[in-house]
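Participant: Here is a sequence with its predicted model. Questions after.
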Amino acid sequence: MRRCVKDCIIKSKACEQKSCKFWINYEKEHNCSLVSIELNGEMTLHQVGERLGLSFVRVKQIQDKCIEKIKLLTDQDVLSE
């Protein structure tokens, strides 16, 4: 676990470093996606959407698009070998 995450948990204070790539606007879990993962483990699309301020349908659309891209990259790697 990153030091900044430990500090936020120990101080029981939400992170204020909005420039951090792990920052989310979710004070219940110290504004940190790493804290969310540490506390919850795997999460449903509803839980992810709640933390990101998105509907679960939008999270599903993003997930599907990511899977498409991964498949395309994987197929390209197989073809180039």
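Facilitator: Thanks, I have the structure now.
Participant: drop to CA atoms for contacts and neighbour counts, all remaining ones
Facilitator: Fine.
Participant: where are the low-confidence patches of this structure?
Facilitator: 78-81 (pLDDT under 70).
Participant: what's the spacing between the lengthiest helix in it and its chain's center?
Facilitator: In the chain, taking DSSP state H as the definition, the longest helix is helix 56-80. Taking Cα atoms, centre = their mean, to the nearest Å, one finds the center of helix 56-80 at 17 Å from the center of the full chain.
Participant: List the contacts of that helix.
Facilitator: Here helix 56-80 makes contact (Cα atoms under 8 Å, 6 or more residues apart in numbering) with Leu45, His46, Gln47, Val48, Gly49, Glu50.
Participant: Buried among those? Make that a PyMOL selection.
Facilitator: Buried members of these, defined by 16 or more other Cα atoms under 10 Å, are picked up in PyMOL with:
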select buried, resi 45+47+48+49
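Participant: Output the contacts of helix 56-80 as JSON lines; include the columns distance to Cys4.
Facilitator: Shown next, in JSON lines, are those (distance: Cα to Cα, whole Å):
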{"residue": "Leu45", "distance to Cys4": "26"}
{"residue": "His46", "distance to Cys4": "27"}
{"residue": "Gln47", "distance to Cys4": "23"}
{"residue": "Val48", "distance to Cys4": "22"}
{"residue": "Gly49", "distance to Cys4": "24"}
{"residue": "Glu50", "distance to Cys4": "23"}
